[in-house]
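*Asks:* output the structure for:
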Amino acid sequence: MNNYNKFIDFRNKYKTFIYEKYEIIEKENTYEIVFFFDIPKLVTFTPKLIINKDNLSNPNIDKNFFNYLVFNIGLVELISYIKCTCSPNIIIKAGYLDDEQIKWFKKLYYNGLLEFLYRNGINIKEEDLFNITVEGNKINFITNYQGQGNLIPVGGGKDSCVTLELLKGQDNTCFIINPKGANIECAKVAQYQNKTVTINRLLDKKLLELNKQGFLNGHTPFSAIVAFTSYLCAYLTNKQYIVLSNEDSANESTVLNTNINHQYSKTYEFENDFNNYTKKYFKIDIKYFSLLRPLTEFQIGMLFSKMKKYHSIFKSCNLGSKNEKWNWCCKCPKCLFVYIILSPFLYKNELINIFGKDLYEDKNLLPTFIELLGYSNTKPFECVGTYNEVRFAVSLLIQKLDKLPYLLKYYKDNYPLYLKENFKIKYNKTNNLEPKFEKIIKEALNNV
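*Replies:* This is a model prediction of the structure:
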């Protein structure tokens, strides 16, 4: 049975998905949050979030508001579980949503699952994917809040390292989901080891068992989880800003001439949607924005190339993150993209020290190379830069070298050099930076 037929079969067999409730268990050193999601006659999921209390600094936590934020996190967390059956009817018992909120979450669910739907061969309209019915009660809260400083999500890659360095000396706290290896080390090198808030996100293993049995599986908008959980932790640490590290290229579609974007929840559109939602429904002044939104990946690579102290510890490879020791797999699109975008500045000895080999000499990476360049039907389904900035980086390096490695020789023999856009000086004015943050970005570009 193909996945589209499975989709139809599961929706007929499992018509309802229920967000039953959540529980917040306060312990001496942690908050343990448990969500209860039920697919009748199939399974009850109980995923968890465990928030370490170290470095939480808000002395005036309103319990009702805390509950409301957790309820909203569950509305995003459920995406990972409903996708296995795509049950058409979602019943919300854990809390209350008005019509506008229902519309907001339906948009997030649809756009966040577009890659999942595309790769499973499922064609369906937004209005037909899920129907949401609310049976829960409204949570009333009154909170007096005046935040200050920045909460900086740290993933372990070059982008968040650049943000950490650009905001050095400010009132910052790092935020890490599932701390491991590179993200912990990057926070330490930036000297935030004692100013870091961590969350352990524990998936329910029953989901993995269903995946093995042939239930539907695929990409979900993890950055939306980052958005809602970082908002909760910004509140718990009394911060005014959540400072992301999403760049301009996150706005480019992954599949040509469509809205299918692997990075949907990193886009400027989602950033604005999230700010509008939190302003109306959370009613406190915490701003969520990306410091690097004005920049291209090329410019971020240019800035990061000067930040030598991170070069031996940063990691972006998602495949490598699943190993006991986070490493560069040197086989995936993410590894090759990071290699390319840093290569005009660090090729080749410094890059070989980082990755362990010269990726430009790996013939097996040719199909991935072609995808990254935009000479295929889709970009790789990874967080990578735009086609043109990849072409620009490659073209710059080709001009510098007398002897070309395999992939660069292939490029020169088959495609024209791309130098008509100068990605060193581009600046996207469509962003949410306040003047004090814009000044930091522009000074960094001038100084580099």
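*Asks:* pretty sure Phe289 sits in a strand.
*Replies:* Yes: under DSSP: H, G, I helix; E, B strand; the rest coil, Phe289 sits within a strand.
*Asks:* ok, now which ones touch the closest residue to it other than its chain neighbours?
*Replies:* Counting by CB to CB, 6 or more residues apart in numbering, Phe289 lies nearest to Asn432, which is 3.9 Å off, once chain neighbours are set aside. Every residue, glycine included, has its C-beta placed from N, CA and C. By CB atoms under 8 Å, 6 or more residues apart in numbering, the contact set of Asn432 is 268, 271-272, 275, 287, 289-290, 293.
*Asks:* again, only using 10 Å
*Replies:* For Asn432, the contact set (CB atoms under 10 Å, 6 or more residues apart in numbering) comprises 244, 268, 271-272, 275, 287-291, 293.
*Asks:* restrict stretch 281-294 to CA atoms and write it as PDB.
*Replies:* What follows is stretch 281-294, C-alpha atoms only, in PDB (Å, rounded to 0.1, in the frame of the first residue of the first chain):
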ATOM      1  CA  TYR A 281      -3.000  36.000  23.500                       C
ATOM      2  CA  PHE A 282      -0.100  36.100  26.000                       C
ATOM      3  CA  LYS A 283      -0.300  39.800  26.600                       C
ATOM      4  CA  ILE A 284       3.200  40.400  27.900                       C
ATOM      5  CA  ASP A 285       6.100  42.200  26.200                       C
ATOM      6  CA  ILE A 286       8.500  39.400  25.000                       C
ATOM      7  CA  LYS A 287       9.700  40.000  21.400                       C
ATOM      8  CA  TYR A 288      10.700  37.100  19.200                       C
ATOM      9  CA  PHE A 289      13.000  37.900  16.300                       C
ATOM     10  CA  SER A 290      16.000  36.700  14.400                       C
ATOM     11  CA  LEU A 291      19.100  38.800  14.700                       C
ATOM     12  CA  LEU A 292      20.600  37.400  11.500                       C
ATOM     13  CA  ARG A 293      17.500  37.900   9.300                       C
ATOM     14  CA  PRO A 294      19.100  40.800   7.300                       C
END
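*Asks:* among the contacts of Asn432, which pair sits farthest apart?
*Replies:* Spatially, the most separated pair among the contacts of Asn432 is Asn272 and Leu291, at 15.7 Å (CB to CB).
*Asks:* higher neighbour count, these two?
*Replies:* Per other CB atoms under 10 Å, whichever of Asn272 and Leu291 has more neighbours is Leu291, with 28 against 14.
*Asks:* how far away is the more buried one from Leu166?
*Replies:* Distance, Leu291 to Leu166, by CB to CB, to the nearest Å: 7 Å.
*Asks:* related to what we said a few turns ago, now render the contacts of Asn432 as JSON lines, adding pLDDT and distance to Lys63.
*Replies:* As requested, the contacts of Asn432 are exported to JSON lines (pLDDT from 0 to 100; distance: CB to CB, whole Å):
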{"residue": "Leu244", "pLDDT": "97", "distance to Lys63": "28"}
{"residue": "Tyr268", "pLDDT": "96", "distance to Lys63": "34"}
{"residue": "Glu271", "pLDDT": "97", "distance to Lys63": "29"}
{"residue": "Asn272", "pLDDT": "98", "distance to Lys63": "30"}
{"residue": "Asn275", "pLDDT": "98", "distance to Lys63": "25"}
{"residue": "Lys287", "pLDDT": "98", "distance to Lys63": "24"}
{"residue": "Tyr288", "pLDDT": "98", "distance to Lys63": "23"}
{"residue": "Phe289", "pLDDT": "98", "distance to Lys63": "28"}
{"residue": "Ser290", "pLDDT": "98", "distance to Lys63": "31"}
{"residue": "Leu291", "pLDDT": "98", "distance to Lys63": "32"}
{"residue": "Arg293", "pLDDT": "97", "distance to Lys63": "35"}
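*Asks:* buried subset of those residues?
*Replies:* Using 16 or more other CB atoms under 10 Å as the burial test, these include 244, 268, 271, 275, 287-291, 293 as buried.
*Asks:* can you tell me which of those is nearest Val448?
*Replies:* Leu291 (15.3 Å).
*Asks:* of the buried ones among the contacts of Asn432, closest to Ile176?
*Replies:* Set against Ile176, the nearest of those by CB to CB is Leu244 (13.7 Å).
*Asks:* list the contacts of the residue nearest to the closest one when sequence neighbours are not counted.
*Replies:* Excluding the flanking residues, the one nearest Leu244 by CB to CB, 6+ apart is Ser290, at 4.0 Å. Residues in contact with Ser290 (CB under 10 Å, 6+ apart) are 159, 163, 242-248, 250, 266-268, 271, 431-433, 437.
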